[in-house]
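*Asks:* Model the structure of this input:
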Amino acid sequence: MAIESSIAGRRWGRLSSIYGFGSVFAKGLRDSRRAVIGVGVGIGLIVVVTASQIAIQFPTETDRQQLANSMTSLPAMIRGLLGEPINIDRLGGFLSWRLVNFLPVMIGLWSVLALSDTLAGEAARGSLEFLGTSGISRARLASEKALVHIVGLTIALLMLALAAWLSSVAFGRLPGDEISLSAALSQFLGVGLVSLVGGAIAFALAPILGRSAAAGIGAIALFAAYVINSYAPVLPSLASIEGLSWFGWTAGHRPMAGVSDPGSLVGVAALNAILLGAGVLAFVRRDVGSTVALPSLGLPGLGGGLSGPTARSFAGRLPAALAWGLGIGVYGLFIAMSASGFSAALSQIPGIARLIEAFYPGIDWRSAGGVLQLAFYTYALLFAGLGVAVLVGGWASDERERRLDIILAGPISRARWVLTSGAGLLGAVVVMTFITAVLVSLGALLEGDDPGRPFVGAVVIGLYAAALTGIGVAVGGLVGPGLGAGVTGGLALGFFLLDVLGSALRLPDTILQVSLIKHLGQPIIGTFDVPGMVACLVLAAGGVVVGAWGLSRRDLRS
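*Replies:* Next comes the predicted model:
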């Protein structure tokens, strides 16, 4: 018995060094398991449902060829967003074009948030100082922290590759619909490498600039690279810097569409290795937690963010709010500018009405406003929700990083601090919303359409973002700072998946109604759900009040 126990102990010791509490890497991998599963399963469902609908709605060679001909005639602005259509009359080609090409943006945001926090966040909380006394070198510590995300990303991408392969097995109807497992693995290897670059930039900068600034720069670089690659062929102003976008380096690597360029992956892999190595070196050379503040412009009346909790919270969240507002707004700007051409091209596709109705029931996609509702609105809600998760995480960092202990030593109560800082946080959401609304309505105006409805639609997006903010503050106040941002981001992704996949999967209406998105109407085409919008306002204000009540009744968390 003793011998068997000894053998079992050694086996567990080896396992715990990979997953568990036996090493920095093992604990990090264990802590990230929910995010890995969420990305793999959530996006995997989108892959499976998209493949099933293509097989059902376009079952014949003629249907597929008409679909391909119409898609290749889309306006250049829209084709830029999706990439070059290659063999889209086959299941693998269509999935690669319509879905997989955009995944590096979605997955890249995960990489940015994870790698910006993995060292800088723990340094701010003081936990790295304890790890430093354990005898582990700084280089090994930073390397294992980076490896956690790389392995987690690899696991999620393996799940997505399996989903694509199994989709072709289950729903392949025509010759050429087959997707080999090797092609799917190769395609998602490229997705992973492209997705990682934004996070690697954040990882390299985090030891120098801190978590928030590094995450902001990484996210901006990610969106900039995507926009440059998408619009350089049609905008001469971007053509001169097209080579800076790592998205374009691998544009010819589309194995699921039958086109491979594995050599193009080498450059992106080398860029990731250089950036991650720079992050390790920066962590080794600098004092733990010592960061450099970026220069910023002072805002009138804010006193540099020091005139009170409201101004301080607003000023602290403002850079991230500006970045997310610009990112979402620019995306909407380009969609709006291409709306009429996109609508005209879609109207020429036989059977497209059935496909759109399956995914987006009730939208008049033949109008310009309908195209914005179809191609921009749902993704804007997702990005706004993820942006709010970043803002809530910044708000919660005051408690997580022990600054709140010092703040509450002054003449301010816990409840008042939550109410006033929550007001500043909601003010940042207003700024993000206003920037988005202005850019989207500008795009509609340039297209010759009414800018009013897109502006109002963006305001409704802001109401949704404010509601998620209130929920995040409530959770942060009631439970602790570690859950506020996570719950906010999880709800944003969960509502998005339920809205996108629920109707196609024919889920019961009682389940579909759980998504807050279902209670907003279709505001860009002038259909409003007033009770749902009122509910968003109640969640925003009520969440801050609940958070204030919760923090006043519990101990602060270290």
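*Asks:* isn't there a helix covering residue 233?
*Replies:* No. Under DSSP: H, G, I helix; E, B strand; the rest coil, residue 233 falls outside any helix and is assigned coil.
*Asks:* Surely residue 173 is in a strand?
*Replies:* No. Membership of residue 173 in a strand is not supported by three-state DSSP, which gives coil.
*Asks:* My guess is it contacts residue 59. True?
*Replies:* Yes. Between residue 173 and residue 59 a contact is recorded at 5.5 Å, counting by C-beta atoms under 8 Å. Quick note: C-beta positions are derived from backbone N, CA and C, even for glycine.
*Asks:* what packs against the host helix or strand of residue 431?
*Replies:* According to DSSP states H and E, residue 431 maps onto helix 414-446. Applying 3 or more C-beta pairs under 8 Å, 6 or more residues apart in numbering; DSSP states H and E, we find helix 414-446 packed against helix 309-337, helix 368-372, helix 378-400, helix 452-478, helix 530-551.
*Asks:* For the longest one, give the mean pLDDT please.
*Replies:* Per-residue pLDDT over helix 309-337 has a mean of 84.
*Asks:* And that helix, what does it pack against?
*Replies:* Counting by 3+ C-beta pairs under 8 Å, 6+ apart, helix 309-337 packs on helix 76-82, helix 211-231, helix 368-372, helix 378-400, helix 414-446, helix 452-478.
*Asks:* Out of these, name the one with the poorest average pLDDT.
*Replies:* Least confident of those, judged by mean pLDDT, is helix 76-82 with a mean of 59.
*Asks:* Can you name the next helix or strand after it?
*Replies:* helix 91-98.
*Asks:* Alpha carbons of that next one, as PDB, please.
*Replies:* The C-alpha trace of helix 91-98 is given here as PDB (Å, rounded to 0.1, in the frame of the first residue of the first chain):
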ATOM      1  CA  LEU A  91     -17.700  24.600 -47.700                       C
ATOM      2  CA  GLY A  92     -14.100  25.000 -46.700                       C
ATOM      3  CA  GLY A  93     -13.600  28.000 -48.900                       C
ATOM      4  CA  PHE A  94     -16.700  29.700 -47.600                       C
ATOM      5  CA  LEU A  95     -15.900  29.100 -44.000                       C
ATOM      6  CA  SER A  96     -12.400  30.300 -44.500                       C
ATOM      7  CA  TRP A  97     -13.600  33.500 -46.200                       C
ATOM      8  CA  ARG A  98     -16.700  34.400 -44.200                       C
END
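*Asks:* Now do the same contact list for residue 276.
*Replies:* Residues in contact with residue 276 (C-beta atoms under 8 Å, 6 or more residues apart in numbering) are 146, 200, 203-204.
*Asks:* again, only this time at 10 Å
*Replies:* By C-beta atoms under 10 Å, 6 or more residues apart in numbering, the contact set of residue 276 is 115, 142-143, 146-147, 149-150, 196, 199-201, 203-204.
*Asks:* Repeat that for residue 112.
*Replies:* Residue 112 makes contact with 195-203, 214-222, 390, according to C-beta under 10 Å, 6+ apart.
*Asks:* Residue 266 too?
*Replies:* For residue 266, the contact set (C-beta under 10 Å, 6+ apart) comprises 193, 249-250.
*Asks:* of the residues you listed, closest to residue 166?
*Replies:* The closest of the contacts of residue 266 to residue 166 turns out to be residue 193 (C-beta to C-beta; 23.2 Å).
*Asks:* excluding its backbone neighbours, what's nearest the closest one?
*Replies:* In space, and not counting its chain neighbours, residue 193 is closest to residue 268: 4.4 Å by C-beta to C-beta, 6 or more residues apart in numbering.
*Asks:* Near the one you found, how many other residues are there?
*Replies:* Using other C-beta atoms under 10 Å, residue 268 has 21 neighbouring residues.
*Asks:* Could you grab the helix/strand/coil label for it?
*Replies:* Here residue 268 is recorded as helix under three-state DSSP.
*Asks:* Next up, the contacts around it.
*Replies:* Shown in contact with residue 268 (C-beta under 10 Å, 6+ apart): 190, 192-197, 246-247, 249-250, 253.
*Asks:* any chance of these in TSV, plus neighbour count, distance to residue 272 and pLDDT?
*Replies:* Formatted as TSV, the contacts of residue 268 follow (neighbours: other C-beta atoms under 10 Å; distance: C-beta to C-beta, whole Å; pLDDT from 0 to 100):
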residue	neighbour count	distance to residue 272	pLDDT
190	26	12	93
192	26	10	93
193	26	6	95
194	31	9	94
195	27	10	93
196	28	5	94
197	26	6	94
246	24	9	91
247	22	14	89
249	23	12	90
250	23	12	89
253	23	15	90
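*Asks:* Please flag which of the residues you listed sit within strands.
*Replies:* Among the contacts of residue 268, no member falls in strands (DSSP state E).
*Asks:* and which of those is nearest to residue 334?
*Replies:* Of those, the one sitting nearest to residue 334 (C-beta to C-beta) turns out to be residue 247, at 15.1 Å.
*Asks:* got any ranges where the stretch 1-150 of the chain has weak pLDDT?
*Replies:* Under the criterion pLDDT under 70, the flagged ranges of the stretch 1-150 of the chain are 1-22, 71-82, 120-135.
*Asks:* ok, now with 90
*Replies:* 1-146 (pLDDT under 90).
*Asks:* which residues in it form helices?
*Replies:* Secondary structure of the stretch 1-150 of the chain (DSSP state H, counting those that start in this stretch): helices located at 2-16, 24-31, 33-57, 61-72, 76-82, 91-98, 103-117, 120-125, 127-132, 138-171.
*Asks:* Among these, which comes closest to residue 508?
*Replies:* helix 33-57 (16.6 Å).
*Asks:* ok and that closest one relative to helix 91-98, angle-wise?
*Replies:* Relative orientation of helix 33-57 versus helix 91-98 (axes from the mean of the first three to the mean of the last three C-alpha atoms, to 10 degrees): 120 degrees.
*Asks:* Start at 679, not 1
*Replies:* Shifting the count to begin at 679 puts that one at helix 711-735.
*Asks:* which parts of helix 711-735 are buried?
*Replies:* Using 16 or more other C-beta atoms under 10 Å as the test for burial, helix 711-735 gives 713-714, 716-718, 720-733, 735.
*Asks:* next one: stretch 1206-1223
*Replies:* Neighbour counts over stretch 1206-1223 (16+ other C-beta under 10 Å) mark 1207, 1210-1211, 1213-1214, 1217-1223 as buried.
*Asks:* contacts for that stretch?
*Replies:* Stretch 1206-1223 is contacted from outside by 1093, 1096-1101, 1103-1104, 1107, 1134-1135, 1137-1138, 1140-1156, 1194-1201, 1224, using C-beta under 10 Å, 6+ apart.
*Asks:* Noted, bye for now.
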